[in-house]
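Visitor: just the structure for this:
(chains A and B)
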Amino acid sequence: MSSRLHIYNTLTKQTEEFKPINPPFVGMYLCGPTVYGDPHLGHSRGAVMMDVLFRYLSHLDYKVRYVRNITDVGHLLNDADEGEDKIGKIAKANQVEPMEVAQQYTNAYHNALEQMNVLPPSIEPRASGHIIEQIEMVKEIIKNGFAYESNGSVYFDVLKYAESNDYGKLSGRKIEDLIAGAGEERRSLEGQEEKKNPNDFALWKKATPEHIMKWNSPWSVGFPGWHIECSAMSDKYLGKQFDIHAGGMDLLFPHHESEIAQSSACGCNTPNYWMHNNMITINGQKMAKSLNNGVLIEELFSGNHHLLEQAYSPMTLRFFLLQAHYRSTLDFSNEALQAAEKGYQRLMNAAAKTEGLVSSESSDMDIQAWKDTLYEQMNNDMATPQVIATLFEAAKWINEIDAKNLKITASDKNILHTTFHNFTFQILGLIPEESGNNEALDGVMSLVLDIRKTAKENKDWPTADKIRDGLKDAGIEVMDGKDGSTYKLK
RNA sequence: GGUCGGAUGGCCGAGCGGCUAGGCACGGGUCUGCAAAACCUUUUACACCGGUUCGAAUCCGGUUCCGACCUCCA
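Guide: Numbering: from 1, shown residues only, chains lettered A, B, ... in the order given. Predicted coordinates for the structure are as follows:
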């Protein structure tokens, strides 16, 4: 593998060397959440994947502008009899302002990601704050002849576009198949009869009277279609051409395919690299509301879900996500999460030991080769599972050096420490989790452990064991080491 | 139905022509007053049937399962 970053490009279906348009600057865009509900596990995956890319590019000294949007303009509900705004629907049901709903779930999303140590993006634009830009883009598309107005709504003319462009080049679909497949299988969504062709998609939608999220436009009081926001906001903040556009695989079609069409139709260039993360399954089944197995991020952290045997920490989740490659499906189960929890702890224990290692005159391992391997793996389309495996290789060395079974020179130790920490904390974004200790508890525990120490010295085992067992029942685990006892909250 | 992807040891999950991935669990061991924790360590694989090759988990063909998208979705 090359020493330069390569990423898999969904557009070309190949792993390509990453060449920024204007180095050292890099522009990247991630399709963020529609804030009509609390964030679920699926949301965490794309956010963590792009966070690692963001961190790695920054580590490589690129100047990255990372844009991650918030979709707070509702899309059509598929299960409603007539088109209705997701956010508007919830707002009406709860007697609150639509923006109140959007804010609530935006906060929840931020809170979940912050706990997972996901860095905030450089810019986080909201769709509702860019209605004007979206209207301007729609105007441009109409002017160029790729969209038409119909009864106050504006639709993108897919067939017209396909005459001179390849509609389907991203998702691998053929326009003929799309036309053939349309029709009987399609749900009768409102406004289908307004379209020239069933494959045409809305750029602007006229609002029905009961619709509460709506804006004025040259065509009607209404709201933007569901693909236009990303085109408008990426254009505004990243320019006519930018480097990376990412999102979940489920957005490949029609969302991203349509984005490409829109952007091309208004004279904007499309991103050079498209990246898509794969989906999450639970106990081998896809995560879906209909299967009643959807898990919210907060539910995972609290353990409050019928499929969860216990709570799993934010770092356990982050580590778990990183242990699988982002382009593979990832299966959640209690067994797998518990394994991740242990593995994460093992890695953290090793990380804590690196600085205090005693150096020798020689080294028993090739630290430079190990370091090179880490970069090669990261450069190979962010092979985080392999990076983690390589870090575990060093974890074993660290333990052996600590146990005086292996030797390391001072300069190698320095490389080991710096590299281990760079990859674990800076690039993978893992952090040691606080045990929840506080000063008062530390004071109490210090006293209790001191009493137990005295009991042990007097070989008063019943008392020593009573303290240990009693604390265990109270949720505190005592760990006896060579240099005395420590504790942690369970 | 159309398009695309996947089937790896008890579990998760890398690898994608020859070299033990890794983590967890299990077993063995070190440590300990006994434990726990921590650390060390052994074993268990590549869905099935053909083919190509000196050599295939890895390439090709077929079979069987599973999944994703085609409709809001990360």
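
Visitor: spell out which parts of the stretch 201-350 of chain A neighbour RNA strand B.
Guide: Near RNA strand B, the residues belonging to the stretch 201-350 of chain A are A:226, A:247-255, A:277, A:279-281, A:284-288, A:323-325, A:328-331, A:333, A:335-336, A:338-340, A:342-343, A:345-346, A:349-350 when assessed by Cβ under 7 Å from any atom of the strand. To be clear about C-beta, it is placed using only N, CA and C from the backbone, and glycine gets the same treatment.

Visitor: all helices for the stretch 1-150 of chain A, in order.
Guide: Taking DSSP state H, counting those that start in this stretch as the criterion, the stretch 1-150 of chain A contains helices spanning A:41-59, A:86-94, A:98-115, A:131-143.

Visitor: closest to RNA strand B out of those?
Guide: Distances from RNA strand B to each of those were compared using Cβ to the nearest atom of the strand; the minimum, 2.3 Å, belongs to helix A:41-59.

Visitor: dump the helices of the stretch 1-150 of chain A into CSV; add distance to RNA strand B as well.
Guide: Listed next are these as CSV, based on distance: least, Cβ to the nearest atom of the strand, whole Å:
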stretch, distance to RNA strand B
helix A:41-59, 2
helix A:86-94, 7
helix A:98-115, 9
helix A:131-143, 15
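
Visitor: out of these, which gets the lowest mean score?
Guide: Mean pLDDT across these is lowest at helix A:86-94; the value there is a mean of 80.

Visitor: mind listing what's buried in it?
Guide: Of the residues in helix A:86-94, those buried by neighbour count under the rule 16 or more other Cβ atoms under 10 Å are A:86-92.

Visitor: can I get that helix in PDB, CA atoms only?
Guide: Extracted in PDB, the C-alpha atoms of helix A:86-94 (Å, rounded to 0.1, in the frame of the first residue of the first chain):
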ATOM      1  CA  LYS A  86     -42.300  15.500   9.500                       C
ATOM      2  CA  ILE A  87     -41.300  18.300  11.800                       C
ATOM      3  CA  GLY A  88     -44.500  20.200  11.200                       C
ATOM      4  CA  LYS A  89     -46.500  17.100  12.100                       C
ATOM      5  CA  ILE A  90     -44.700  16.600  15.400                       C
ATOM      6  CA  ALA A  91     -44.900  20.300  16.200                       C
ATOM      7  CA  LYS A  92     -48.700  20.300  15.700                       C
ATOM      8  CA  ALA A  93     -49.100  17.200  17.800                       C
ATOM      9  CA  ASN A  94     -47.100  18.700  20.600                       C
END
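
Visitor: just give me how far stretch A:380-389 sits from the chain centre.
Guide: In terms of Cα atoms, centre = their mean, to the nearest Å, the centre of stretch A:380-389 is found 16 Å from the chain centre.

Visitor: again with stretch A:26-33
Guide: Between the mean C-alpha location of stretch A:26-33 and the chain-wide mean there is a distance of 11 Å, by Cα atoms, centre = their mean.

Visitor: that one near RNA strand B anywhere?
Guide: Yes: residues of stretch A:26-33 are located near RNA strand B by Cβ under 7 Å from any atom of the strand, namely A:31-33.

Visitor: what is the mean pLDDT for that stretch?
Guide: Summarised as a single mean, pLDDT over stretch A:26-33 is 95.

Visitor: tell me who's in contact with A:Ile123.
Guide: Under the criterion of Cβ atoms under 8 Å, 6 or more residues apart in numbering, the neighbours of A:Ile123 are A:65-68, A:237.

Visitor: filter those down to the buried ones.
Guide: Applying the neighbour count, that is 16+ other Cβ under 10 Å, the buried entries in the contacts of A:Ile123 are A:65-68, A:237.

Visitor: using CSV, lay out these together with pLDDT.
Guide: Below are the buried ones among the contacts of A:Ile123 laid out as CSV (pLDDT from 0 to 100):
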residue, pLDDT
A:Arg65, 97
A:Tyr66, 97
A:Val67, 96
A:Arg68, 96
A:Tyr237, 95
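
Visitor: okay, and which of these map to strands?
Guide: Secondary structure assignment (DSSP state E) places A:65-68 from the buried ones among the contacts of A:Ile123 within strands.

Visitor: okay if I get these as TSV plus distance to A:Gly470?
Guide: Compiled in TSV, those are given as follows (distance: Cβ to Cβ, whole Å):
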residue	distance to A:Gly470
A:Arg65	55
A:Tyr66	50
A:Val67	53
A:Arg68	48
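
Visitor: and those residues, which is closest to RNA strand B?
Guide: Within the set of these, A:Arg68 lies nearest RNA strand B; the separation is 10.4 Å, counting by Cβ to the nearest atom of the strand.

Visitor: A:Val221 is in contact with A:Lys214, correct?
Guide: Yes: because the distance of 5.1 Å satisfies Cβ atoms under 8 Å, A:Lys214 is recorded as touching A:Val221.

Visitor: any common contacting residues for these two?
Guide: In contact with both A:Lys214 and A:Val221: A:Ala207, using Cβ under 8 Å, 6+ apart.

Visitor: between those two, who's got more neighbours?
Guide: For the pair A:Lys214 and A:Val221, the greater number of neighbours falls to A:Lys214 (20 against 13), based on other Cβ atoms under 10 Å.

Visitor: ok, that one to RNA strand B distance?
Guide: Using Cβ to the nearest atom of the strand, to the nearest Å, A:Lys214 is found at 18 Å from RNA strand B.

Visitor: what is the neighbour count of the closest residue to that residue other than its chain neighbours?
Guide: Setting aside the residues directly before and after it, A:Lys214 is nearest to A:Ala207 in space (Cβ to Cβ, 6 or more residues apart in numbering), at 4.0 Å. Look at A:Ala207: counted by other Cβ under 10 Å, it has 20 neighbours.

Visitor: confidence score at the residue of the stretch 101-250 of chain A found nearest RNA strand B?
Guide: Here the residue of the stretch 101-250 of chain A nearest RNA strand B is A:Gly248; by Cβ to the nearest atom of the strand that distance is 1.9 Å. At A:Gly248, the model reports a pLDDT of 93.

Visitor: show me what contacts it?
Guide: Under the criterion of Cβ under 8 Å, 6+ apart, the contact partners of A:Gly248 comprise A:31, A:42, A:45-46, A:276-277, A:279.

Visitor: shaky segments in the stretch 351-490 of chain A?
Guide: For the stretch 351-490 of chain A, the stretches with pLDDT under 70 are A:434-437, A:490.

Visitor: residues of it that sit close to RNA strand B?
Guide: Taking Cβ under 7 Å from any atom of the strand as the contact definition, the stretch 351-490 of chain A meets RNA strand B at A:383, A:385-386, A:388-389, A:392-393, A:395-396, A:399-400, A:403, A:456, A:461, A:464-465, A:468, A:477-482.

Visitor: which among these end up buried?
Guide: The neighbour-count test (16+ other Cβ under 10 Å) marks A:383, A:386, A:388, A:395, A:456, A:464, A:468, A:478 as buried among those.

Visitor: so the second one sits against A:Tyr375, correct?
Guide: Meaning A:Gln386. No: taking Cβ under 8 Å as the contact criterion, A:Gln386 and A:Tyr375 are not neighbours in contact, 11.4 Å apart.
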